[in-house]
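# Provided below for reference: sequence and predicted model.
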Amino acid sequence: MPELPEVETTRRGVAPHISGRTVRDVVVRERRLRWEVPRRLPAELRGTVLATPQRRGKYLLFPAENGTAIMHLGMSGSLRMVIHDTPPAKHDHIDIVLDGPYRMRYNDPRRFGALLWTRADPLRHPRLARLGPEPFDPVFCGDYLRRLAHRRKTSIKQFIMDASVVVGVGNIYANEALYRAGINPARGAGRVGAERMSRLARAATEVLGEAIEAGGTTLRNFVGGDGEPGYFQFDLDVYGREGQPCSGCGTAIRRRWLGQRATFFCPACQR
DNA sequence: ATGCGGACCTGTTAGC
DNA sequence: TGCTAACAGGTCCGCA
């Protein structure tokens, strides 16, 4: 579920409840996530004061005094703040128990997520070191994309979803950005001209920004950081709309597969 | 270096 | 109603 807007919404949701709080304990009920939760993580976090959580791509960073907890929500992870005596539900794998009435609870049915620990600069962590720029970073622009896409034969959609190119453009927003830019998702990355590439960069930045504004797209079981199920729905033009008319020209939206991911596009508007 | 396919998991929904 | 298959928002890894 979580794409960048959901991750950012989660960060914003939990931030006021954890910034400046002391970690009383960390309860790990299931350590088999994408990678095993480090055994030393509870001991490292216990007794330290948490700073404001940060985000890098879809990774959440929880800086403590002696290191940083690095979290990824994977496909199905979510965080919520619950009062201490709330009994854990199915797939509630980890609690960060805080001073005061709340603990931060991590739930992840598919266990594609992760919780890691580093004492060093988290941005140099192997998982983060090779990430591309944030979509809101001014270096992320048409020229930047053109340079990287030079002679690349992969589709523009797979290219824009590559986290070493730019972070945070997941399947939903790749579809939406390409629609807004009028580019066929299957087009070779190296065959997108300068003008259209600029449009794509702008579209990606825009669509992600708007989704964050909207509070994140809510699909399936996403739960906002405040514990309220998000009911806001970002208005999607193509994703999940196979067979429905394109809002621009009325042509039926098509679905195809690119890189094992469902891809939605308007065959008339996107070339 | 690039590109592809498979892998990790469980839950929900569509179809018979 | 019940069973099975397809599909789901992410990434990493190994191989060609």
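That came in fine, so what should we check first?
# average pLDDT across the host helix or strand of A:Arg105?
A:Arg105 is located in strand A:102-107, with elements delineated by DSSP states H and E. For strand A:102-107, mean pLDDT rounds to 96.
# How about that strand and DNA strand C, any contact?
No: Strand A:102-107 is not in contact with DNA strand C by Cβ under 7 Å from any atom of the strand; minimum separation 14.0 Å. In this view, the C-beta of every residue, glycine as well, is placed from N, C-alpha and C.
# May I have the longest helix belonging to chain A exported as CSV, CA atoms only?
What stands out as the longest helix in chain A, according to DSSP state H, is helix A:194-213. Extracted in CSV, the C-alpha atoms of helix A:194-213 (Å, rounded to 0.1, in the frame of the first residue of the first chain):
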residue,chain,number,x,y,z
ALA,A,194,13.6,16.8,-23.7
GLU,A,195,10.3,18.6,-23.7
ARG,A,196,8.3,15.6,-22.7
MET,A,197,10.9,14.5,-20.1
SER,A,198,10.6,17.9,-18.5
ARG,A,199,6.8,17.5,-18.4
LEU,A,200,7.3,14.1,-16.8
ALA,A,201,9.5,15.4,-14.0
ARG,A,202,7.1,18.2,-13.3
ALA,A,203,4.1,15.8,-13.4
ALA,A,204,5.8,13.4,-10.9
THR,A,205,6.6,16.2,-8.5
GLU,A,206,3.1,17.6,-8.9
VAL,A,207,1.2,14.4,-8.5
LEU,A,208,3.2,13.3,-5.4
GLY,A,209,2.8,16.8,-3.9
GLU,A,210,-0.9,16.8,-4.5
ALA,A,211,-1.3,13.3,-3.0
ILE,A,212,0.6,14.4,0.1
GLU,A,213,-1.7,17.4,0.3
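# for that helix, the distance to its chain's centre please.
16 Å (Cα atoms, centre = their mean, to the nearest Å).
# Does anything pack onto it? Which helices or strands?
helix A:4-18, helix A:142-149, helix A:156-160, helix A:171-181 (3 or more Cβ pairs under 8 Å, 6 or more residues apart in numbering; DSSP states H and E).
# ok, of those helices, where does mean pLDDT dip lowest?
helix A:4-18 (a mean of 93).
# could the helices and strands packed on helix A:194-213 go into JSON lines alongside mean neighbour count?
Converted to JSON lines, the helices and strands packed on helix A:194-213 look like this (neighbours: other Cβ atoms under 10 Å):
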{"stretch": "helix A:4-18", "mean neighbour count": "22"}
{"stretch": "helix A:142-149", "mean neighbour count": "17"}
{"stretch": "helix A:156-160", "mean neighbour count": "25"}
{"stretch": "helix A:171-181", "mean neighbour count": "25"}
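# what's the closest of those to DNA strand B?
helix A:156-160 (6.3 Å; Cβ to the nearest atom of the strand).
# That closest one close to DNA strand C?
No: under the criterion of Cβ under 7 Å from any atom of the strand, helix A:156-160 makes no contact with DNA strand C; the nearest approach is 9.6 Å.
# Can you name the residues in contact with that helix?
A:145, A:148-149, A:152, A:165-166, A:169, A:174-175, A:177-178, A:183-189, A:192, A:200, A:204, A:258-259, A:263 (Cβ atoms under 8 Å, 6 or more residues apart in numbering).
# Work out the gap between that helix and the centre of the chain.
Centroid separation between helix A:156-160 and its chain, computed with Cα atoms, centre = their mean, is 16 Å.
# measure A:Trp178 to A:Pro245 for me?
In this structure residue A:178 is Leu, not Trp. Distance, A:Leu178 to A:Pro245, using Cβ to Cβ, to the nearest Å: 18 Å.
# confidence score at A:Glu213?
So A:Glu213 comes in at 88 (pLDDT).
# and what of A:Leu219?
The model reports A:Leu219 with a pLDDT of 38.
# One more: the one 3 residues further on?
Predicted confidence (pLDDT) for A:Phe222: 39.
# go on, A:Gly225?
47.
# Equivalent analysis for A:Asp235, please.
87.
# for it, what are its contacts?
A:Asp235 touches A:Ala214, counting by Cβ under 8 Å, 6+ apart.
# Tell me how far it lies from DNA strand B.
21 Å (Cβ to the nearest atom of the strand, to the nearest Å).
# and if you look at A:Arg127?
Applying Cβ to the nearest atom of the strand, the value for A:Arg127 to DNA strand B is 14 Å.
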